[in-house]
Each structure stands twice: as structure tokens, then as C-alpha cells.
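Participant: coords below, sequence missing:
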Ligand code: IPE
Ligand code: IPE
Ligand code: MG
């Protein structure tokens, strides 16, 4: 079954660290290694789009040292990973509210995005200071300011992920069974896979289990099973 876009809630870094009597930031650092491995696995498997949840609108509520540590980790990773991202033709997009981020973080994100803008093998959307409700509200506000009608099509085109098709598969690691304000609009017909693995322990084998689960699903988009069988492929959303 075709799959273009995988989205992941990378959850469980803090627990991974706490289990090892390490500071939470050590878990986030290990989570970054896991993301690097996951990008490699997606490249190897020919996935076109990978979207990851790195920092939510709600994560500002964490202790200030953890928040600033996450900001520093992102900036450091951009510096360290840029050469490999270029070599692998990965195009970065940062998705989320820019207001609220420091000038340093904002310019780091903008520069990394511009530097990879002509890469075309894998689109990597990093949701940072992102919330699904923020995205829907900013899209509606933009249309209202432009005096445009609000329809499913116009709103969809105004969302922060309008440059990619909706996710086919959403994976959440860390064992929680919730979306936590991730891709609320775009998740409408995504297949969901919840992994008990903590994000730093998510590896190729677990990705392949998620892909196998996805391949076994029947995406009906409101049709009956018989209709799907008659067409011989999965129907599209209306
Ligand atoms: C996910 O891991 C990363 C971020 C939210 C930034 P957590 O930090 O939420 O890890 P747990 O859920 O506390 O284990
Ligand atoms: C969701 O994880 C956000 C990210 C992975 C970036 P959280 O750990 O913040 O979610 P809750 O608080 O358990 O719902
Ligand atoms: Mg968590």
C-alpha cells in the first residue's frame, strides 16, 4: 500500500533518561540520535515526507532549564547535521509559531531552511513551537485578514503543512494513547500506530513493525469494504 508521509510524536525522552538516573536533557540528546537514525531509515525506505513533533505549544510549561536546553540542542544539531542533510538531499521545514522563539533560534531555523531549500529527496518537517490548534487558528485568521471565504479547501491550503500531502501514518512512541495537539487537521484519515518504545529506543525494526501494521490496514475513507475491493485500490478522501 502506498505511503508517502509518516508523522511521529517523538515521546519518551524524559522517561528514558530517568530510568538511567540521568538528567532529562540526556534523554533529549539521545532522542536526537534516534531522529538521525529514523531519517536514515526513511531515506533507505524511499519515504517522501517525514514530519516530527519536537516541541509543542504546551512544552513551554516545562522547567526553564529543560526549555532552554531543548532550544540549544536544536541549534547545535542544525550545525552538526547540516553537511549530512545536504549530502542526503533532505529539505528541512520548520513548522510552528515563530513568535515566542528567540532571535537566535528563529534565525537558526530560517537559515537551515533556506540552505536546504533545493534538496528534493526527503522533506523533513520539524514541528517546533507547534500546536494543531495554533495551526487551524492561524490559517483561519490569515483567510479572514485576506477576506477569503473559509472552506475546507482554502483552510487546508492556509495550514502550515500545505506543502505536503496529509500524513498516511502517525506513530507515537512512549506508550501514551493521545495526539497531544499534533496535526489535528491533517490527522483526519491518518492510520495511527502507538509504540510502547521510548523515543530514544525507537529503531529500524520498530519502524518496520509500524510499516507492516500500516500495510495490513484497509483505508476506507467512508466507503464499504466491498467498494474498496471492487476498485482494487484504496479510495481517496472525498
Ligand atoms: C518528548 O519526550 C520530547 C519533548 C516533549 C520535547 P518527553 O520529554 O515528553 O519524555 P517523557 O514523556 O517525559 O518521557
Ligand atoms: C508531545 O509530547 C510533544 C512532543 C513530543 C514534542 P508531550 O510529552 O509534551 O505530551 P503530553 O504532555 O504527555 O501530552
Ligand atoms: Mg512526554
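Facilitator: Arrived safely, thanks for sending. The shown structure was predicted, so the numbers you read here are calculated from the model rather than taken from an experiment. Ligands and ions are numbered 1, 2, ... in the order given.
Participant: from here on, just use CA atoms for contacts and neighbour counts.
Facilitator: Fine.
Participant: need the per-residue pLDDT for the residue lying closest to residue 162 once chain neighbours are set aside.
Facilitator: Using CA to CA, 6 or more residues apart in numbering and skipping the chain neighbours, the partner closest in space to residue 162 is residue 156 (6.5 Å). For residue 156, the pLDDT comes out at 98.
Participant: can you check residue 235 too?
Facilitator: pLDDT, read off for residue 235, is 75.
Participant: what is the neighbour count of it?
Facilitator: Neighbourhood size, residue 235 [other CA atoms under 10 Å]: 15.
Participant: repeat for residue 153
Facilitator: Other residues near residue 153 number 9, with proximity taken as other CA under 10 Å.
Participant: quick check, residue 30 in contact with residue 202.
Facilitator: No - taking contacts as CA atoms under 8 Å, residue 30 lies outside contact range of residue 202: 10.7 Å.
Participant: when the two are compared, which one has more neighbours?
Facilitator: residue 202 (21 against 17).
Participant: quick one, phi psi at residue 222?
Facilitator: phi 90, psi -10 (degrees, to the nearest 10).
Participant: need the pLDDT of it.
Facilitator: 96.
Participant: for the one 5 residues further on, same thing?
Facilitator: In this model, residue 227 is scored at 94, pLDDT.
Participant: which parts of the helix or strand containing it are buried?
Facilitator: Assigned by DSSP states H and E, residue 227 belongs to helix 225-231. Within helix 225-231, the residues that qualify as buried are residue 228, counting by 16 or more other CA atoms under 10 Å.
Participant: next: stretch 83-100.
Facilitator: Buried residues in stretch 83-100 (16+ other CA under 10 Å): 85-86, 88-98.
Participant: in strands, which of the residues you listed fall?
Facilitator: Using DSSP state E, 90-95 are the members of these that sit in strands.
Participant: tabulate the residues you listed in JSON lines, adding columns for distance to ligand 2 and pLDDT.
Facilitator: Shown next, in JSON lines, are these (distance: CA to the nearest ligand atom, whole Å; pLDDT from 0 to 100):
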{"residue": "90", "distance to ligand 2": "21", "pLDDT": "98"}
{"residue": "91", "distance to ligand 2": "20", "pLDDT": "98"}
{"residue": "92", "distance to ligand 2": "17", "pLDDT": "98"}
{"residue": "93", "distance to ligand 2": "16", "pLDDT": "98"}
{"residue": "94", "distance to ligand 2": "13", "pLDDT": "98"}
{"residue": "95", "distance to ligand 2": "12", "pLDDT": "98"}
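Participant: quick one: find the helix or strand in this protein with the lowest mean pLDDT.
Facilitator: helix 225-231 (a mean of 93; mean pLDDT, DSSP states H and E).
Participant: and stretch 29-39, anywhere near ligand 2?
Facilitator: No - Stretch 29-39 stays clear of ligand 2 (CA under 6 Å from any ligand atom), getting no nearer than 10.4 Å.
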